[in-house]
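**Student:** The following block contains a protein sequence and its predicted model.
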Amino acid sequence: MSACVFLIAMAGATAVGYLIISLFGLSIVPAVMLSAVTGTLILFVVFGSAMSLLRRSQLKNMNDMHRALTETLNEIANGNFNVLVETDPHAPHNDIAEAMNEMARKLGTLETMRQDFISNVSHEIQSPLTSIGGFAKLLKESAADGQSRHYADVIIAESERLSSLSDNLLKLSTLDNNKIPLNRTDFRLDKQLETVALTLEPQWSAKHIELSCALSKSSVNADAELLSQVWINLLVNAIKFTPEGGAIQLTIDNGQVTIRDTGAGISDEDKIHIFERFYKADKARDRGLGGNGLGLAIVKKIVELHGGRISVTSTLGKGTAFEISLPGLHSI
């Protein structure tokens, strides 16, 4: 670059010298002196402009790299390890970009191993749990006293709880691996919610819960089976944590599904964690009520697979509302 700048300055100085001689008729010596001064000025101007452009280019490259690194870190923090930063041996901070790519690849490998392990264990554990539950029921039928029947009931209940945990882990592992292709169809979402509410009627009727529906006629393009799992999980939770004589309301309004209850509510501290796996907001009651802290994680994953969003608003002692927005949901 310096050689180019020098040649440009010399060419400019020579041109100025010839111009001075031809226009003003000066002798060679003054003309050479003036052309030297002019060449020096040209040299400074050209060199300064070149350095300014170089600094701007470097600053732009640094800003681009900083933005790419930040975006990649955010993706990795959200569990997406299939992102890579474009590397350039001549770019600033290229060593950081290469190290980040290596980190993402290794984390992706570990995540794949973790998901495969969970999937395999969850699948293999189902058979012995089914056997344990079956033999426990046989023992209960042949038990000669109440204490033996009680122990058999405990074995049956615990085997069913473990089976539910295994099943939910398998579902999450499958969803994480995106092994379930979305079988999208157009269907009436209001009808699906009504069907789920009727299916769970024995549960909310047993607690004398008033369940009301304000479902505008709506259609959505989605996987009907997976969305049904969302409504079942959310309604079962609402029933579980709503006291005797409480109320649950289902609504579809402005392209959004809301499931609202008058239960115990969720604290602000717990709200930011409730979609995390194995997190239990009500640690004192959860074991007695069942559940393994995976239901809401499954709900969130299914909603996100559809490109939707789920949020929660809650007040302790007053109840909770889950709001689900789905792309393509519209009134008919």
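**Tutor:** Okay, I see it.
**Student:** tell me the helices in the stretch 151-300 of the chain, going along the chain?
**Tutor:** For the stretch 151-300 of the chain, the helices defined by DSSP state H, counting those that start in this stretch occupy 189-199, 201-206, 224-241, 268-271, 286-289, 295-305.
**Student:** dump the residue contacts of Trp231.
**Tutor:** Contacts for Trp231 (CB atoms under 8 Å, 6 or more residues apart in numbering) come out as Gln192, Leu193, Val196, Val257, Ile259. Using the backbone N, CA and C atoms, a C-beta is placed for each residue, glycine as well.
**Student:** can you list those in JSON lines and add pLDDT?
**Tutor:** JSON lines is the format used below for the contacts of Trp231 (pLDDT from 0 to 100):
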{"residue": "Gln192", "pLDDT": "95"}
{"residue": "Leu193", "pLDDT": "95"}
{"residue": "Val196", "pLDDT": "93"}
{"residue": "Val257", "pLDDT": "95"}
{"residue": "Ile259", "pLDDT": "96"}
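**Student:** So which of these is the closest to Leu226?
**Tutor:** Gln192 (11.4 Å; CB to CB).
**Student:** I'd say the closest one and Leu227 touch.
**Tutor:** Yes. Between Gln192 and Leu227 a contact is recorded at 6.9 Å, counting by CB atoms under 8 Å.
**Student:** More neighbours: which of the two?
**Tutor:** Per other CB atoms under 10 Å, whichever of Gln192 and Leu227 has more neighbours is Leu227, with 23 against 18.
**Student:** Pull up the gap between that one and Leu189, please.
**Tutor:** Distance of Leu227 to Leu189, given as CB to CB, to the nearest Å: 8 Å.
**Student:** can you list residues touching both of the two?
**Tutor:** Common neighbours of Leu227 and Leu189 are listed as Val220 (criterion: CB under 8 Å, 6+ apart).
**Student:** got any ranges where this structure has weak pLDDT?
**Tutor:** For the chain, the stretches with pLDDT under 70 are 1-66, 78, 91-92, 177-180, 280-292.
**Student:** again, only this time at 50
**Tutor:** Where the chain drops to pLDDT under 50, the residues are 2, 5-6, 9, 13, 16-21, 24-26, 28-29, 31-32, 34, 284-287.
**Student:** Run a quick neighbour tally on the nearest residue to Asn221 once chain neighbours are set aside.
**Tutor:** Nearest residue to Asn221, sequence neighbours excluded (CB to CB, 6 or more residues apart in numbering): Gly328, at 4.5 Å. Neighbour count for Gly328, taken as other CB under 10 Å: 14.
**Student:** Mind telling me what element Gly328 is part of?
**Tutor:** Using DSSP states H and E, Gly328 maps to neither a helix nor a strand.
**Student:** and the gap between it and Ser218?
**Tutor:** For Gly328, the distance to Ser218 (CB to CB) stands at 10 Å.
**Student:** and the closest residue in space to Glu276 that isn't next to it in sequence, what does it touch?
**Tutor:** Spatial nearest neighbour of Glu276, chain neighbours left out: Ala297 (6.7 Å); criterion: CB to CB, 6+ apart. The neighbours of Ala297, taking CB under 8 Å, 6+ apart as the test, are Leu172, Phe275, Glu276, Arg277.
**Student:** Thanks a lot, see you next time.
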